[in-house]
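1. A predicted structure for the sequence below; I have some questions about it.
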Amino acid sequence: MKQQTLAMAADQTFENYRKPTRRDEFLKTMEAIVPWVALCEVIEPHYPKAGNGRPPIGLERMLRIHFIQHWFNLADLACEEAPYDSASLRRFVGIDLGREPVPDSTTITKFRKLLNDNKLGEELFAKVGKELQARGFKVNTGTIVDATIIGAPSSTKNTDKARDPEMHQTRKGQQWYFGMKLHIGVDSQSGLAHSAVVTPANVHDKHPLPDLLHGNEQRVYGDSAYASQKDLIASKAPKAKDFTNQRTRYAGIIDKAVRAKNRNKSRIRSRVEHVFGVVKRLWGFGKVRYRGLQKNATRAFTALALANIYLSRQRLMAQVRP
């Protein structure tokens, strides 16, 4: 234990009437339920070791800063400045301004680049899934598949005078979108994502379908974009029944029986929207921050891992409490 400096003591002593904010409660919960040791083990083989130069910043501290960047949708420079403004963020990261500064934006960028270069976003997502299964969350026999568009800048007012070549455009309804797609497979009971694929926006939802299934499904749910894909489903999950929504309008006539069946299926299928709601609304990943699919894929997998932890927070907190 480090002896407190005046800077840290001031944060805790002179605020007699301070009320815990929602940010405080959120960080307190994440402190308790995120499997820090297991996630650090994923990154540790790739993390710089102490040598003759300046010793590297602690791995867990950098991981905490990286997660703050995801939770509050911060750019690298904003992520450096946020702990200076917020005592709750400093406590979460473990920084005492009386002894040390916050890691600068260059260090934060290098850590993010390390995760991207080694595709550790996918490994963190897989590791969180294993940790949740070890704590009693099971992958059951139903999977919900869906995809969402993550927008990218379509402007060519940049140095290259061109849009991101790895992003593409697609039409949804009467609206055109430019960017990428995040395809996910979600367990139909727990509502947690167990698989994901990132593609350009012009890739049809059906193409990554086999990669979103774990193979032991008995039911596969999805919207009408996955209609009539029984062969694709059977190629990965031969025992699965097709519970995707079917088209209801033929030659201008609505089949009310099919529409009623779709409504019943959607009561389960809608659970996939909870995951997208966390990633896009709470974590702010409605638009890409970086150029290229790989950088944004790393962010997407990390965001899904954090979303699974967040959606499981009540059960996880019940296990933590004595």
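-> Sure thing, it's come through. Numbering: from 1, shown residues only.
2. ok, now how distant is the closest residue to residue 290 other than its chain neighbours from residue 167?
-> The shortest distance from residue 290 to any non-neighbouring residue, by CB to CB, 6 or more residues apart in numbering, is to residue 296 (5.7 Å). Backbone N, C-alpha and C define where each C-beta goes, glycine included. As judged by CB to CB, to the nearest Å, residue 296 and residue 167 stand 9 Å apart.
3. more neighbours, the two?
-> residue 296 (26 against 22; other CB atoms under 10 Å).
4. Tell me the residues that contact both of residue 296 and residue 167, please.
-> By CB atoms under 8 Å, 6 or more residues apart in numbering, residue 296 and residue 167 have these common neighbours: 180, 288.
5. Would you check that residue 300 makes contact with residue 122?
-> No: using CB atoms under 8 Å, residue 300 makes no contact with residue 122, being 9.6 Å away.
6. Mind checking which of these two has more residues around it?
-> Of the pair residue 300 and residue 122, residue 300 is the one with more neighbours under other CB under 10 Å, namely 24 against 19.
7. Return the helix or strand hosting the more buried one as CSV; C-alpha atoms alone will do.
-> Using DSSP states H and E, the secondary-structure element containing residue 300 is helix 293-311. Presented in CSV, the C-alpha positions along helix 293-311 are these (Å, rounded to 0.1, in the frame of the first residue of the first chain):
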residue,chain,number,x,y,z
LEU,A,293,-11.5,-2.5,-40.9
GLN,A,294,-8.9,-4.1,-38.6
LYS,A,295,-8.7,-1.1,-36.2
ASN,A,296,-12.4,-0.8,-35.9
ALA,A,297,-12.8,-4.6,-35.6
THR,A,298,-10.5,-4.5,-32.6
ARG,A,299,-12.6,-1.8,-31.1
ALA,A,300,-15.8,-3.8,-31.9
PHE,A,301,-14.6,-7.0,-30.3
THR,A,302,-13.5,-5.1,-27.2
ALA,A,303,-16.8,-3.3,-27.0
LEU,A,304,-18.7,-6.5,-27.3
ALA,A,305,-16.6,-8.1,-24.5
LEU,A,306,-17.4,-5.1,-22.2
ALA,A,307,-21.1,-5.2,-23.3
ASN,A,308,-21.3,-8.8,-22.2
ILE,A,309,-19.9,-7.9,-18.8
TYR,A,310,-22.2,-5.0,-18.4
LEU,A,311,-25.3,-7.0,-19.4
